[in-house]
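**Student:** what follows is a protein structure lacking sequence information:
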Ligand SMILES: O=C(O)[C@H]1O[C@H](OP(=O)(O)OP(=O)(O)OC[C@H]2O[C@@H](n3ccc(=O)[nH]c3=O)[C@H](O)[C@@H]2O)[C@H](O)[C@@H](O)[C@@H]1O
């Protein structure tokens with residue numbers, strides 16, 4: 001009797017395994033912080049391919065065809081705009097993760113789309129999509145600005161840094177080395193790789209063996225991974241160490257943005273102090289200067305080796321500091337914000353949390369000056385003036401108020 005039930009039980013068992021598996025996969029997908037929500041639903045369809053090609057068309061004045069990752073992010077948005085405006089063809093990629101309000105990322109992407117730049121909603125780990133893109137378009141360059149940013153958040157969500165900055169970067173490099181032609185790659189590193197170094201200003205030749213945060217460690221990992229792909233596959237790789245980049249359309253998790261918001265809303269701000277009440281200083285660098293450095297890196301990058309390396313020397317492996325060369329204590333930077341906002345900040349001086357900040361950043365940019373013609377020209381006073389003007393327009397004027405809804409967002 002019981003024996004008669006066994007085949008039936010087998011079927012039930014099989015079906016429930018499938019059911020449980022499906023639930024697990026669906027759950028995993030919905031809990032994945034970086035799950036792309038397709039804004040270009042007909043991926044791989046003819047219309048999609050046509051749109052990709054249109055976005056990548058080189059116009060008069062342009063030379064390159066660039067894949068810009070992190071295009072809906074702060075630096076990626078500005079770099080994409082600058083490339084498009086000078087005639088280069090490009091496609092943007094972004095996973096629109098919700099580390100900070102997605103409304104801001106969508107607003108940046110919408111502006112890009114208006115200017116003819118398609119921004120695809122996808123993650124760097126989406127190998128199928130990358131493969132399809134590289135098959136469809138002969139990219140001359142890849143500008144990798146996609147990353148899980150933020151120094152302090154890494155204490156709370158280490159795995160999202162591993163997912164985007166480490167796994168995502170390797171996935172991208174794999175596709176670059178498989179592509180035909182192989183593009184030259186420029187990627188974002190960070191001043192944080194200098195970590196606990198005490199010798200200032202920071203030079204590219206300095207050792208970077210003591211990262212103070214997991215974020216910094218992933219950026220250092222990017223540089224190391226880049227080295228191996230340069231060495232083994234002959235990919236052209238250029239790393240850019242950005243120094244606290246700020247400006248219009250910036251990141252609400254960063255101090256200049258969150259402080260502005262709090263000052264305007266009459267809320268207190270916390271100014272971190274190091275041991276012994278020492279002020280932290282940052283080499284705040286204005287976005288327009290950084291964009292020039294990014295474009296010059298693309299323009300001066302040698303081609304990747306095409307075909308198997310077969311003992312041919314790889315193109316130069318390059319790393320540049322893109323800073324302002326003038327560190328400013330955080331409280332002085334708050335005073336400048338107060339002037340532009342014509343409001344007083346409620347300042348709370350607090351001990352710096354043990355979440356990975358370093359006392360000072362200060363860039364030596366001689367190498368970038370020599371090889372890229374990089375010259376930071378924007379004083380902090382002027383740069384913050386531009387930022388405050390933008391902030392007032394989008395968050396305080398009747399015309400634009402509400403177009404970028406930051407809700408109750410508070411950075412870590
Ligand atoms: O240049 C870099 O390498 C890094 O610059 C910034 O990191 P950070 O310099 O920490 O930028 P903010 O978060 O804007 O902080 C600026 C300064 O304000 C301080 N701060 C921040 C937040 C706060 O509530 N209070 C405060 O005093 C920080 O300690 C820091 O000295 C970016 O967030 C990183 O993604 C980037 O890689």
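**Tutor:** Looks like it came in fine. The structure presented is a predicted model; accordingly, all values stated were derived computationally and were not measured.
**Student:** going forward, measure contacts between C-alpha atoms and count neighbours the same way
**Tutor:** Noted.
**Student:** which residues of this structure fall in strands?
**Tutor:** With strands called from DSSP state E, the chain shows them at 65-69, 89-94, 118-121, 141-144, 184-190, 237-242, 245-246, 268-273, 281-282, 285-286, 317-322, 328-329, 346-351.
**Student:** now do the third one: which elements does it pack against?
**Tutor:** Taking 3 or more Cα pairs under 8 Å, 6 or more residues apart in numbering; DSSP states H and E as the contact definition, the neighbouring helices and strands of strand 118-121 are helix 46-55, strand 89-94, helix 102-114.
**Student:** distance between it and the chain's centre?
**Tutor:** If you compare the mean C-alpha spot of strand 118-121 with that of the full chain, they lie 15 Å apart, counting by Cα atoms, centre = their mean, to the nearest Å.
**Student:** with the first one instead?
**Tutor:** In terms of Cα atoms, centre = their mean, the centre of strand 65-69 is set 13 Å apart from its chain centre.
**Student:** pLDDT on it, on average?
**Tutor:** When pLDDT is averaged over strand 65-69, the result is 98.
**Student:** neighbouring contacts of it?
**Tutor:** Strand 65-69 is contacted by residues 56-58, 76, 80, 88-94, 124, 138-146 when judged by Cα atoms under 8 Å, 6 or more residues apart in numbering.
**Student:** can you list the residues of the stretch 201-350 of the chain near the ligand?
**Tutor:** If contact is defined as Cα under 6 Å from any ligand atom, the residues of the stretch 201-350 of the chain in contact with the ligand are 242-244, 254-256, 270-272, 280-282, 330.
**Student:** which parts of the stretch 101-250 of the chain are helices?
**Tutor:** Using DSSP state H, counting those that start in this stretch, the helices of the stretch 101-250 of the chain run over 102-114, 127-136, 158-161, 168-178, 214-233.
**Student:** before we move on, the earlier item: among the residues of the stretch 201-350 of the chain next to the ligand, which two are most distant?
**Tutor:** Between any two of those, the greatest separation by Cα to Cα is 23.8 Å, found for 242 and 270.
**Student:** between these two, which has more neighbouring residues?
**Tutor:** residue 242 (24 against 14; other Cα atoms under 10 Å).
**Student:** which strand residues bridge the more buried one?
**Tutor:** When assigned by DSSP bridges, residue 242 has beta-bridge partners residue 190, residue 322.
**Student:** hmm, back to that, now list the buried members of the residues of the stretch 201-350 of the chain next to the ligand.
**Tutor:** Among these, those that count as buried by neighbour count (16 or more other Cα atoms under 10 Å) are 242-244, 254-256, 271-272, 280-282, 330.
**Student:** which single one of the residues you listed is nearest to residue 386?
**Tutor:** Nearest to residue 386 among those, with distances taken as Cα to Cα, is residue 256, at 12.0 Å.
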